[in-house]
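In: With the sequence up front, the predicted model follows.
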Amino acid sequence: MTAPTAADPTRSRTRETDGDFLLQPPDPAERVPCRIDPVDLRRLDLLALLTAAGIAPSAGDRAAIAQLSELPGSVHVALRRWLEQAYGFCR
């Protein structure tokens, strides 16, 4: 038996269907507004930059990354620019 698809919303999942089935796409009007703190965004961006540069942060580096993320955005921009120039990659 085939799984229902988004193209045919009238078909329902039966008890015989044990596999996965496609969900309807979410309605953008029903999204919950979410604001991410800039410190969290800078922390995630810094982790992504380090990973892209091939630098795996160790457990002890997490505290340093957290403190760097709390610095103003201008410091983060400079740090990001330095990493991109030093490791020759672009975002």
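Out: Sure thing, it's come through. Numbering: from 1, shown residues only.
In: In contact with the residue lying closest to Ser69 once chain neighbours are set aside, which residues?
Out: Leaving aside its sequence neighbours, Ser69 sits nearest to Arg43 (CB to CB, 6 or more residues apart in numbering; 3.8 Å). All C-beta atoms are positioned from the backbone trio N, CA, C, and that covers glycine. Residues in contact with Arg43 (CB atoms under 8 Å, 6 or more residues apart in numbering) are Ile65, Ala66, Ser69.
In: from these, which ones fall inside helices?
Out: Ile65, Ala66, Ser69 (DSSP state H).
In: Leaving out sequence neighbours, find the closest residue to the first one.
Out: Put plainly, it is Ile65. The shortest distance from Ile65 to any non-neighbouring residue, by CB to CB, 6+ apart, is to Leu46 (5.6 Å).
In: That neighbour touches Leu79, doesn't it?
Out: Yes. Between Leu46 and Leu79 there is a contact under CB atoms under 8 Å: 7.2 Å.
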